[in-house]
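Enquirer: Just to be clear, the model below is a prediction. Sequence and coordinates:
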Amino acid sequence: MNTYFKPFTLITILAFALFACSSEDSSSDDSGDDNDDIDDVVTELHPAFAAFNQDAVTVILSDDGTEVTIETTGYPDHTSVYWEPDNALYMDEPEVSKTTQDTYIGGGQGEATSFTVDATPNLTGATVATQLNTIGIAVSGASIFNDQEGAGDLDQAAGSLDWAGAHKGPGVYHYHLEPTPITSDDDSLVGILLDGVFIYGRQCSSTGTYPTDLDASGGHTSTTQYSDGAEEYHYHIINEVYPAGNYAYAPAYVLFAGPFQGY
């Protein structure tokens, strides 16, 4: 039987290795005297999940503590031109060239999404390239996409991105750029990606400024505001301006281009 956490009842949700997990002694009768690795036992979920939108996101921890499933309605908790005009969260953005004129957040197809990750991301394997469609779930409840649009670069659709760096496809409403309602040149938690690694804003809470030791994915190992003093691997939005001349809200920063490091 699984432990079921309703969106913010997911208080502790997903404790990755590298974060808050407890390891058991590797002294068992059938193991050798050398360092036999015993899987980290995840007994509670990561404190970072307290930042997720409780009205949209649900998280399920498997009963053996090895996997976490994150589910979302796909409905963000902030304003956008992609809400229906009579919705309280509708925001008029005349400079945005909408991708869909008659399909709105909450009125389209396939907006709910979910994925399952290892409770402890595997950071020892090969990197994996991102693909089109959902590559993560943001704390707002909306999907995260990479820096591609359809069969080409993001610039071909940059004019359709709202103030949050997102648009609706007509499928899920999703972010391509730094989601400014969530983070804007700061260290706020943005969400979790398909490899089970959290992603944060352009700055790092451990230094109070832009990290200088990021790998090709925008990741590094340091403390975060949710790690209780422990160092853990996590991503940041890379502090490089995306040159999209037709984006209505310059400057723009790509949210995550990859590759994934945590498989």
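Expert: Good, I have the coordinates.

Enquirer: these two touch, right, Ile192 and Thr72?
Expert: No. Between Ile192 and Thr72 there is no contact under Cβ atoms under 8 Å: 10.6 Å. To be clear about C-beta, it is placed using only N, CA and C from the backbone, and glycine gets the same treatment.

Enquirer: got any residues that touch both of those two?
Expert: Taking Cβ atoms under 8 Å, 6 or more residues apart in numbering as the criterion, Ile192 and Thr72 both touch Ile137.

Enquirer: and the two? which has more neighbours close in?
Expert: When Ile192 is set against Thr72 and neighbours are counted by other Cβ atoms under 10 Å, the residue ahead is Ile192, at 30 against 27.

Enquirer: residues contacting the more buried one?
Expert: 14, 48, 70, 117, 136-137, 198-199.

Enquirer: Now Leu132. Nearest residue, chain neighbours left out?
Expert: Gln148 (6.1 Å; Cβ to Cβ, 6 or more residues apart in numbering).

Enquirer: So the one you found versus Ala126, what's the distance?
Expert: 21 Å (Cβ to Cβ, to the nearest Å).

Enquirer: now Val254
Expert: From Val254 across to Ala126, the span is 22 Å (Cβ to Cβ).

Enquirer: ok, now Pro179?
Expert: For Pro179 relative to Ala126 (Cβ to Cβ), the value is 29 Å.

Enquirer: Who has more neighbours out of the two?
Expert: Pro179 (28 against 9).

Enquirer: any idea which helix or strand carries the more buried one?
Expert: Pro179 is part of no helix or strand, with elements assigned from DSSP states H and E.

Enquirer: ok, now which ones touch it?
Expert: Contacts for Pro179 were tallied using Cβ under 8 Å, 6+ apart; they are 138, 140, 142, 164-166, 190, 255.

Enquirer: out of everything not next to it in sequence, what's closest to Asp213?
Expert: In space, Asp213 is closest to His220, 4.9 Å off (Cβ to Cβ, 6+ apart).

Enquirer: For that neighbour, identify the helix or strand it belongs to.
Expert: Per DSSP H and E: His220 is located in strand 219-222.

Enquirer: if we can go back for a sec, pick the one among the contacts of Pro179 closest to Ser227.
Expert: Closest approach to Ser227 among the contacts of Pro179 (Cβ to Cβ): Val190, at 15.7 Å.
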